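# dropping a prediction and its sequence here:
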Amino acid sequence: MASPKRLFDIYIPGRPIYSRARFLPASEVQGAHLDHTLLADGCRVAEADIRDAVIGLRSLIGPKTQIRSSIIMGADYYETEVNRAENKRLGRPEIGIGEGTVIEGAIVDKNARIGRNVHIRHIPNRSDSETDNWVARDDLVFIPKDAAIDDDTVI
């Protein structure tokens, strides 16, 4: 979808594609590099390197993050300060992608919590496998809705 030579063009004036109004703020990109990337509304991207990706609504992407050939679905809501404090107390990552994380060849569903310095990579000819927080199928990694991946995890 983000390639300049895509098979399906979403920008044809005579055949527009509509989405419902969400009344979200504009996306904020600070010092990031985006190449062949579609970025939805309400995202915050800090000093990340994102290529060949689709980044969904309300995605929060921390600094020094690399995302390649992936789909990040985003979030259904923004966490409040009270939610963040509770997550910290429980040792659980916040919603979004943490600092220093590398994601390649993955689909990350909504409200996922990916910690800091996590490495999620597709591996050609990887055996299919499954845990509560991730699934590997057909050389791709899927992170299900509301999953939490702890800091420093390697998938």
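Perfect, I can see it now.
# and stretch 83-97, average pLDDT?
The average of the pLDDT scores along stretch 83-97 is 93.
# end to end on that stretch, go ahead and measure it.
16 Å (CA to CA, to the nearest Å).
# ok, the spatially most central residue of the chain - contacts?
The chain has residue 72 as the residue nearest its centroid, 2.9 Å off, counting by CA atoms, centre = their mean. By CB atoms under 8 Å, 6 or more residues apart in numbering, the contact list for residue 72 reads 53-56, 59, 61, 97, 103, 108. (Each C-beta comes from the backbone N, C-alpha and C, glycine too.)
# now with 6 Å, please.
By CB atoms under 6 Å, 6 or more residues apart in numbering, the residues touching residue 72 are 55-56, 59, 108.
# now swap in residue 64 and tell me
99-100.
# could you tell me the end-to-end distance of stretch 71-85?
In stretch 71-85, first residue to last residue: 28 Å (CA to CA).
# quick one: low-confidence parts of this protein?
1 (pLDDT under 70).
# surely residue 10 and residue 17 touch.
Yes - using CB atoms under 6 Å, residue 10 is in contact with residue 17, at 5.1 Å.
# end-to-end on stretch 12-30?
For stretch 12-30, the end-to-end distance is 30 Å (CA to CA).
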